[in-house]
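Need a 3D model of the following:
(2 chains)
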There are 2 protein chains.
Amino acid sequence: MRDWLIHLRRGEYASLQTQIREALVSAILDRNLDQSEPIPSTRRMAKSLGVSRNTVVLAYQGLLDDGYLVARERSGYYVADKALADNAPNKRPVKPRPQQQSNVAWEKRLKHQPTALEIWVKPLDWQNLPYPFIYGQVDHNLFPLAEWRECNRQALGKKWLGAWTNDTWSADDPLLVEQIRRRILPRRGIMASDDEILVTLGAQNSLFILGELLVDGNTRVGMEEPGFPDVRHIFALHTNAITPIKVDDQGLTLSPDLDKVDLAFTTPSHQFPTTVTMPLERRMALLAKAREKDFIIIEDDYEFETNYVNEPCPALKSLDDDGRVIYVGSLSKTTFPGLRLGFMVGPKKLIAEARALRRLMVRHPPNNNQRTAALFLSLGHHDTLIRRLHKAYRERWEIMGKALDRHMPLSAHSPTFGGTAYWVRGPERIDSEVLQQEALKKGIFIEPMRLTFAAKNQPRNFFRLAFSSIADEKIEPGIKLLAETAKTLK
Amino acid sequence: MRDWLIHLRRGEYASLQTQIREALVSAILDRNLDQSEPIPSTRRMAKSLGVSRNTVVLAYQGLLDDGYLVARERSGYYVADKALADNAPNKRPVKPRPQQQSNVAWEKRLKHQPTALEIWVKPLDWQNLPYPFIYGQVDHNLFPLAEWRECNRQALGKKWLGAWTNDTWSADDPLLVEQIRRRILPRRGIMASDDEILVTLGAQNSLFILGELLVDGNTRVGMEEPGFPDVRHIFALHTNAITPIKVDDQGLTLSPDLDKVDLAFTTPSHQFPTTVTMPLERRMALLAKAREKDFIIIEDDYEFETNYVNEPCPALKSLDDDGRVIYVGSLSKTTFPGLRLGFMVGPKKLIAEARALRRLMVRHPPNNNQRTAALFLSLGHHDTLIRRLHKAYRERWEIMGKALDRHMPLSAHSPTFGGTAYWVRGPERIDSEVLQQEALKKGIFIEPMRLTFAAKNQPRNFFRLAFSSIADEKIEPGIKLLAETAKTLK
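Residues are numbered from 1 along each chain as shown, chains lettered A, B, ... in the order given. Okay, the predicted model is just below:
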């Protein structure tokens, strides 16, 4: 009997039994096993892998049940013929060709080349850094893993396959829509009916759909400056007429440039990236101008849950009597980004068209994740999490504010009262991209903000320091070390 | 103490404990409970709901732990202050406004009105029909629910939150890509490297991405006629120059119209909707023409797994030495449509651009579902399922073929040897949409195929009868009843 080598990674993504099964299936389908010889006995396999015999027995039994193995009395387990039958090489000899070259001039055929867009790249291993001032990720210590896992399990309850694994393009998960309508929107002052709500694959997806629907070569778009780069990129797929509209310490300004737009994009709760909150008066003024000049507004309600001093200001949409604001919300900040769920609220006609376009684009967001999120909301876990985040973030916000005042007095940071990050303007001589590189060597991750500016001469001295994913006690030392690093730059 | 009414639906989507908790959370957040009174005791609640006291105790305990309830000694459970605190109405009085009207002329602003597209509508309750000849859905008796549930659970194992809940736009789940590359593609004769593969939200999503990237107002597209309506719709978002190319009993024909296209779309495994398979000779001829005229081909490898008589023909892409075929695959037919996962294989440059565009569109497909699918594949469950489907479908294919010959001799159906449906041409006088309505009254669901034709005078007498979701013993009686129904039509 041949010696068997399966490399088991304990504590990895799958149970030992799963890994054993995987390895065997792989070897069988790859035809790496001699069908005339038995595979190792359960006892021998268990001994050589250092696992319980029961684990191996269960794996073998599953493979027997599913036709990968056959058991021959007093001989052992063998690879089953039928496991290989459907995987037989084609009778017509086809030599698989390596697909390395292409004689097609793709550059001429591509109508867009989005790889040319400058984007932020996050290091995938940021969690191992001592000072990760990284934005928009999950804090694994705060997130209720077990509760999420339980909701995920319950989402695939007894009747799951019937009701919703069928292609349901037209209706979103009614339980999720109910939670959005009854719990989330009223806190923003928004009352909406079901046909005014569309579930999407996140805020980005909502904005892409809106870009497709509302923007073409003749559409003039007003974008916050600095603003959210990906939104600018989405609009730029359709139009060149994107006007940067300055942002001040109250958010989007009512610049004369707004007189000449068809559509304006704004993040009034916490301006992306400066984090400032648009006060009520300016919201009313913005809406009045939109009515006067007949432009529509896309409101991305960034981080409305995170206000530490004041009550959150009601959403722009809730103040909109005219039906000209489209509201974009996301579940990413209060669950986790990898889930990819968000929602759009707007006039019935627009939502109907968005739904039809979404169908062409993706059909619908996966039902199991919609249901998991719905349960997470309906069981109150989401509210509990928000309370926990709020408490944790508020403490970190205070710690970071003090640390910045103390260690980086030459830098200005926004005196805002919420959000999950500080927007920092370094001294003019600082290039924040250079600072990022140097800081990374010391285990600090910061985010340079040059790309948020559309202007030709993008300022280079702005950066963002988020506190959503860094432990309290690391903040001050991290800021201190960052300040020291900045001093060393010429 | 007030009487409590919670309506429990046994056997429904969630456990009893979950439903009790949901109802309480809802009542608390809706402020329907008087904070000065205790909620019913666990004993009383259990009695009135007819559940075990333990179930209620667990629900209450969870709510205590999460701060929704407080326990007062010798008094009972009360709604906690802090559960309501963050849900307090805004101090600034904001009357939620009903969002019913809009003063914006949306029709003028919408660049597309996809609600105007004619699409098929499936009745959501088709599973309750006795004779559901419905296409592309899951057969609940064949699908391995428990195995899928187990993979779903394992996908959220110990280390899930770290590795992949972070936004990972650039890399797809490496385990899924490995399964696609090593198991699925080689069976089609395709060898590809990781950077030639992109995971998407299904075939539809792949095609939408390709439409965005490769089609604009000047692009001439060749579409199969009859063909897949949604693909025509996707291309039509970008160009008017869509030429219908006739399909015969070998699939897409090498019509002179192909001389003048930049891009051709084809479904060679099983032509959608006629189900015919394009033989090897025509595949070679099509590739030769594409090279001669320098057009690119999008191959949607529909249902390659379902060939009952012959070996499946190798994919067009595997025969393509030129690198001008883009391959679109889907996991929907062999798992379930609601999952929304598929993949695209093409030259590196194209895939890189598609990945960048996908990022703007959706960021990435949800990681948990990618991982679940990866496990389903690596554990061999997918292979087992395909074997099971193949066996079941083959039997049904034979039964239906005989039933059609017997009961509907005046209709012609394709003599194909695979797929999951028959393409039926009824007598000229039959309008299959009328037939569908009449058949529905008798519990029969059929699919009229008028919309697959782009031609101005769409033939009305074609329909599709799928056997993927109907039990063997229902096929013959269903066909018989359908034939009788057809006779009654004028």
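
For residue A:197, give me phi and psi.
phi -120, psi 140 (degrees, to the nearest 10).

so the nearest residue in space to residue A:334 that is not next to it in sequence is in which element?
Spatially, and ignoring its direct neighbours in sequence, residue A:334 is nearest to residue A:386 (5.7 Å; C-beta to C-beta, 6 or more residues apart in numbering or on different chains). All C-beta atoms are positioned from the backbone trio N, CA, C, and that covers glycine. Assigned by DSSP states H and E, residue A:386 belongs to helix A:381-407.

Which other helices and strands does that helix contact?
helix A:145-155, strand A:421-425, helix A:472-488 (3 or more C-beta pairs under 8 Å, 6 or more residues apart in numbering or on different chains; DSSP states H and E).

Any residue of stretch A:180-187 touching chain B?
Yes. On the criterion C-beta under 8 Å from any C-beta of the partner chain, stretch A:180-187 is in touch with chain B at A:182, A:183, A:186, A:187.

List the contacts of the first one.
The one in question is residue A:182. residue B:30 (C-beta atoms under 8 Å, 6 or more residues apart in numbering or on different chains).

Check whether it sits in a helix, strand or coil.
helix (DSSP: H, G, I helix; E, B strand; the rest coil).

count of neighbours near residue A:64?
A count of neighbours around residue A:64, defined by other C-beta atoms under 10 Å in any protein chain shown, yields 14.

That one in helix, strand or coil?
Under three-state DSSP, the three-state class of residue A:64 is helix.

where does the most centrally placed residue in chain A sit relative to residue A:134, distance-wise?
With distances taken as C-alpha atoms, centre = their mean, residue A:337 lies nearest the centre of chain A, 2.9 Å away. Distance check for residue A:337 against residue A:134: by C-beta to C-beta, to the nearest Å, it reads 11 Å.

Got phi/psi on the closest residue to residue A:228 other than its chain neighbours?
Here the nearest residue to residue A:228 in space, its sequence neighbours aside, is residue A:272; by C-beta to C-beta, 6+ apart that works out to 4.6 Å. In this entry, residue A:272 is assigned phi and psi values of phi -90, psi 120 (degrees, to the nearest 10).

contacting residues around residue A:272?
Residues counted as contacts of residue A:272 (C-beta under 8 Å, 6+ apart) are A:224, A:227, A:228, A:300, A:302, A:452.

Out of the residues you listed, show me where the pLDDT dips lowest.
Comparing pLDDT over the contacts of residue A:272, the lowest score belongs to residue A:302 (76).

Please settle this for me: is that residue part of a helix?
No. When three-state DSSP is applied, residue A:302 is found to be coil, with no helix at that position.

count of neighbours near it?
Residue A:302: 24 neighbours (other C-beta under 10 Å).

my guess is it contacts residue A:274, does it?
No. Using C-beta atoms under 8 Å, residue A:302 is not in contact with residue A:274; the gap is 11.2 Å.

from the contacts of residue A:272, which single one is nearest residue B:172?
Within the set of these, residue A:228 lies nearest residue B:172; the separation is 24.4 Å, counting by C-beta to C-beta.

Need the phi and psi values for the closest one.
Recorded main-chain torsions at residue A:228 are phi -90, psi 110, according to degrees, to the nearest 10.

Repeat that for residue A:237.
Taking degrees, to the nearest 10 as the convention, residue A:237 sits at phi -70, psi -20.

quick one: low-confidence parts of chain A?
Judged against pLDDT under 70, the low-scoring parts of chain A cover residues A:1-6, A:9-13, A:85-100, A:124, A:158-170, A:308-310, A:415, A:490.

picking that back up, tell me the first helix or strand C-terminal of the helix holding residue A:386.
For helix A:381-407, the succeeding helix or strand toward the C-terminus, using DSSP H and E, is strand A:412-413.

Can you give me the distance of the residue lying closest to residue A:227 once chain neighbours are set aside to residue B:24?
By the measure of C-beta to C-beta, 6+ apart, the closest residue to residue A:227 outside its immediate chain neighbours is residue A:452, 6.0 Å from it. Using C-beta to C-beta, residue A:452 is found at 44 Å from residue B:24.

and chain A, what are its domains?
Taking automatic domain parsing as the domain assignment, the ranges for chain A are A:16-86, A:120-136+A:384-487, A:145-379.

hmm, back to that, quick one, which of the helices and strands packed on helix A:381-407 gets closest to residue A:443.
With C-beta to C-beta as the measure, helix A:472-488 is the member of those nearest residue A:443 (8.2 Å).

mind checking which of the helices and strands packed on helix A:381-407 is nearest chain B?
Judged by C-beta to the nearest C-beta, the one of the helices and strands packed on helix A:381-407 that comes nearest to chain B is helix A:145-155, at 5.0 Å.

Would that closest one count as contacting chain B?
Yes. In terms of C-beta under 8 Å from any C-beta, part of helix A:145-155 sits within range of chain B, namely A:145, A:148, A:149, A:152, A:153, A:154.

Now, of those, which are buried?
Among the residues of helix A:145-155 next to chain B, those that count as buried by neighbour count (16 or more other C-beta atoms under 10 Å in any protein chain shown) are A:148, A:149, A:152, A:153, A:154.

Helices of the stretch 101-250 of chain A, start to end?
Chain-ordered helices for the stretch 101-250 of chain A, with DSSP state H, counting those that start in this stretch as the definition, fall at A:106-109, A:145-155, A:160-164, A:174-179, A:203-214, A:229-236.

In the stretch 301-450 of chain A, what residue lies closest to chain B?
Evaluated by C-beta to the nearest C-beta, the stretch 301-450 of chain A has residue A:323 as its residue closest to chain B, separated by 2.7 Å.

Thought residue B:103 was touching that residue, still the case?
Yes. Under the criterion of C-beta under 8 Å, residue A:323 lies in contact with residue B:103, with a separation of 5.9 Å.

Looking at the two, which is more packed in?
Neighbours were counted for residue A:323 and for residue B:103 using other C-beta under 10 Å; residue A:323 has more, 22 against 11.

The more buried one falls within a helix, correct?
No. Secondary structure of residue A:323 (three-state DSSP): coil, not part of a helix.
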